[in-house]
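S.K.: Let's see this in three dimensions:
(chains A and B)
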Amino acid sequence: MVYEFDWSSIPGALPILWDGMAVSLEITLIAIVVGIVWGTLLAMMRLSSIKPLSLFAAGYVNLFRAIPLVMVLLWFFLIVPRFIADLFGLPPNTDLRLASAMIGFALFESAYYSEIIRAGIQSVPKGQMAACQALGMTYGQAMRLVILPQAFRNMVPLLLTQAIILFQDTSLVYVSALADFFGSAYKVGDRDGRLVELLLFAGLVYFVLCFAASMLVKHLQKKYQPA
Amino acid sequence: MNYQWNWSIFMQPTVVGDTTYLGWMFAGMQMTLMLSLSAWVIALLLGAVVGVLRTVPNKLLSGLATAYVELFRNIPLLVQLFIWYFVMPELVPQSLGDAYKQSHPVLQQFLAAMVCLALFTSARVAEQVRSGINSLPRGQKNAGLALGFTLPQVYRHVLLPMAFRLIMPPLTSEFLNIFKNSAVCSTIGLLELAAQGRQLVDYTAQPYESFIAVTVAYVAINVVVMTLMKKLEDKVRVPGYMGGK
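M.R.: Reported below is the predicted structural model:
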């Protein structure tokens, strides 16, 4: 006997799946924005000549890159909300899980973004900084007006590729029982006894989205290749 | 804050009484290491094959290899894991599926996790192998062919030995990734390190100690692997290249 597919539970579940996708995209977007801002600051600290700052940034990045994302999410799902509730004397049933999971995600991804941004900053020739200083710019002005704009231009393909990875990683919020796209697909499949179809459907949706996005990145890379 | 720290909890026997809580941690560590190492061996072999196929002149073979890489790179690891664990046993011939379902539950989890991690990582290894081969000067391949090597011999004796030495740093980071990615396998109930961490929280009611211990264990794996790979990298580094000094 060959497995008999029954896709009939998918059309009715589309609204739930769509809501789940909205959660996935929301987490992705927040993590990208926070990741790039905090990642840029971390990269600048790491390259700074002030020892405590560069040590802090190096420690932060290496710690987050050494532990699995699943562990980070479990920390921010099981431990951190309890800690915050304890600290501020909140009633123990306060639900901080969604916010906590998002913060965990953003903090984790910033470590990866900061490494990309650091490489981007280092790819700008040293003479540019010297030229800025010769023109009388402060360090902040030189970074903001000259170095970072060029660094970001070089980094666009890598940042976008990291964004695709991040989008795939959001499926891991499954461990904190948040109803993202994958979590919703799993729940529907479990409810209707159609796990096979729903899991394959989820895989297909992720594949189409990520494949299309990676083709777009490749196209951009070709178009804006630095001469 | 009035949390009672109690690190001696690890020395106490578990509720089930089989071992101490520290014993659970070691069991989890053992599972993580076994899973990651076995998956890594498969990933390395498969990744080398697929990476080579991506660079061969045969359009059909390189197209198939490209499709393989894109398939495994564009679906999240968690989704792949669930497909291996829940979907595949239904789709393979029934006798095979039944044999799988009748095997020991831990074996089922382990097999699904190992195959999933291995194929997921092999696509990434393949990309590194391909970029390593492509970074070699074209003259190397042509010189090999001119000396009368067949194409497989050129790969075996000229291109691959060089390519693998050049891609050691990115391979190291893939090797580190496989240990971290193995934590995803806690979602299908495999009792590796992360899952033991969750279990410790539930059984000991000492969440901070449990999670700190597990996190430190992952950092320790990371440091050990990095140190060993650094030694290997230094050993096989190609003189005359940027990384070579």
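
S.K.: Disregarding flanking residues, what is the spatial nearest neighbour of B:Ser38?
M.R.: B:Met114 (5.5 Å; Cβ to Cβ, 6 or more residues apart in numbering or on different chains). For glycine as for every other residue, the C-beta is placed from the backbone atoms N, C-alpha and C.

S.K.: my guess is the one you found contacts B:Leu35, does it?
M.R.: Yes: here B:Met114 reaches B:Leu35: they are 6.0 Å apart, a contact under Cβ atoms under 8 Å.

S.K.: so where's the chain uncertain?
M.R.: I'll assume chain A. For chain A, the stretches with pLDDT under 70 are A:1, A:92-94, A:225-227.

S.K.: Chain B, not that one
M.R.: B:1-2, B:242-245.

S.K.: hey, where'd the strands end up in it?
M.R.: Ranges of strands within chain B: none, based on DSSP state E.

S.K.: Go through it and flag its longest helix.
M.R.: Looking across chain B with DSSP state H, the single longest helix is helix B:21-55.

S.K.: List the buried residues for that one?
M.R.: B:21, B:24-25, B:27-29, B:31-32, B:35-36, B:39-40, B:42-44, B:46-55 (16 or more other Cβ atoms under 10 Å in any protein chain shown).

S.K.: can you check stretch A:124-144 too?
M.R.: Buried-residue list, stretch A:124-144, by 16+ other Cβ under 10 Å: A:Val124, A:Met129, A:Cys132, A:Met137, A:Ala142, A:Met143.

S.K.: how about a markdown table for those residues, with secondary structure and distance to B:Pro89 added?
M.R.: As requested, those are arranged in a markdown table below (DSSP: H, G, I helix; E, B strand; the rest coil; distance: Cβ to Cβ, whole Å):
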| residue | secondary structure | distance to B:Pro89 |
| --- | --- | --- |
| A:Val124 | coil | 53 |
| A:Met129 | helix | 59 |
| A:Cys132 | helix | 62 |
| A:Met137 | coil | 64 |
| A:Ala142 | helix | 60 |
| A:Met143 | helix | 55 |
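
S.K.: List, one by one, the residues from chain A near chain B.
M.R.: Residues of chain A lying close to chain B (Cβ under 8 Å from any Cβ of the partner chain) are A:1-3, A:63, A:66-71, A:74-75, A:78-79, A:82, A:86-87, A:168-169, A:171-172, A:174-175, A:182, A:186, A:195-196, A:199-200, A:202-203, A:206-207, A:210-211, A:214.

S.K.: Using neighbour counts, give me the buried entries of these.
M.R.: Neighbour counting by 16+ other Cβ under 10 Å classes A:66-71, A:74-75, A:78-79, A:168-169, A:171-172, A:174-175, A:182, A:186, A:195-196, A:199-200, A:202-203, A:206-207, A:210-211, A:214 among those as buried.

S.K.: Could you tell me which of those residues belong to strands?
M.R.: Going by DSSP E, the strands hold none of those.

S.K.: ok, the residue nearest to the spatial centre of chain B - contacts?
M.R.: Centroid-nearest residue in chain B: B:Ile178, 3.1 Å away (criterion: Cα atoms, centre = their mean). Residues in contact with B:Ile178, defined by Cβ atoms under 8 Å, 6 or more residues apart in numbering or on different chains, are B:Ser36, B:Ala39, B:Trp40, B:Ala43, B:Leu117, B:Thr121.

S.K.: any idea which of the residues you listed is the one closest to chain A?
M.R.: B:Ser36 (11.0 Å; Cβ to the nearest Cβ).

S.K.: Show the contacting residues for that closest one.
M.R.: B:Leu117, B:Ile178, B:Phe179, B:Ser182.

S.K.: Which residue, other than its chain neighbours, is closest to A:Met129?
M.R.: A:Ala142 (5.9 Å).

S.K.: Likewise for A:Ala179?
M.R.: The shortest distance from A:Ala179 to any residue other than its chain neighbours is 5.5 Å, reached at A:Gly20 (Cβ to Cβ, 6+ apart).

S.K.: show me what contacts the one you found?
M.R.: A:Ala179, A:Asp180, A:Phe181, A:Phe182, A:Gly183, A:Ser184, A:Ala185.

S.K.: Helix or strand: which one has it?
M.R.: helix A:9-47 (DSSP states H and E).

S.K.: all helices of the chain, in order?
M.R.: You didn't say which chain, so I picked chain A. Taking DSSP H as the test, the helices found in chain A are A:9-47, A:51-66, A:69-74, A:80-88, A:97-122, A:126-134, A:139-141, A:148-169, A:181-192, A:195-223.

S.K.: Sorry, I should have been clearer: chain B.
M.R.: Per DSSP H, chain B carries helices over the ranges B:21-55, B:59-73, B:77-82, B:88-91, B:94-102, B:105-135, B:138-146, B:151-154, B:160-166, B:168-181, B:193-204, B:207-236.

S.K.: Point out the most buried one among the ones you listed.
M.R.: Across the helices of chain B, the average number of neighbours (mean count of other Cβ atoms under 10 Å in any protein chain shown) peaks for helix B:77-82, which reaches a mean of 24.

S.K.: helices and strands around it, which ones?
M.R.: Applying 3 or more Cβ pairs under 8 Å, 6 or more residues apart in numbering or on different chains; DSSP states H and E, one finds that helix B:77-82 contacts helix A:181-192, helix A:195-223, helix B:105-135.

S.K.: A:Asn154: which of the ones you listed is closest?
M.R.: Nearest to A:Asn154, of all the helices and strands packed on helix B:77-82, is helix A:195-223, at 10.8 Å by Cβ to Cβ.

S.K.: just checking, what packs against that closest one?
M.R.: helix A:9-47, helix A:148-169, helix A:181-192, helix B:59-73, helix B:77-82.

S.K.: do you know which of the ones you listed lies nearest B:Leu145?
M.R.: Per Cβ to Cβ, nearest to B:Leu145 of the helices and strands packed on helix A:195-223: helix B:59-73, 18.0 Å.

S.K.: Could the C-alpha coordinates of the closest one be exported in PDB?
M.R.: Provided in PDB are the C-alpha atoms of helix B:59-73 (Å, rounded to 0.1, in the frame of the first residue of the first chain):
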ATOM      1  CA  LYS B  59      25.700  19.600 -17.500                       C
ATOM      2  CA  LEU B  60      23.300  16.900 -16.200                       C
ATOM      3  CA  LEU B  61      25.600  16.000 -13.200                       C
ATOM      4  CA  SER B  62      26.300  19.500 -12.200                       C
ATOM      5  CA  GLY B  63      22.700  20.500 -12.500                       C
ATOM      6  CA  LEU B  64      21.600  17.600 -10.200                       C
ATOM      7  CA  ALA B  65      24.300  18.600  -7.700                       C
ATOM      8  CA  THR B  66      23.100  22.200  -7.800                       C
ATOM      9  CA  ALA B  67      19.500  21.100  -7.200                       C
ATOM     10  CA  TYR B  68      20.600  19.000  -4.200                       C
ATOM     11  CA  VAL B  69      22.400  22.000  -2.700                       C
ATOM     12  CA  GLU B  70      19.500  24.400  -3.300                       C
ATOM     13  CA  LEU B  71      17.000  21.900  -1.900                       C
ATOM     14  CA  PHE B  72      18.800  21.400   1.400                       C
ATOM     15  CA  ARG B  73      19.800  25.000   1.800                       C
END
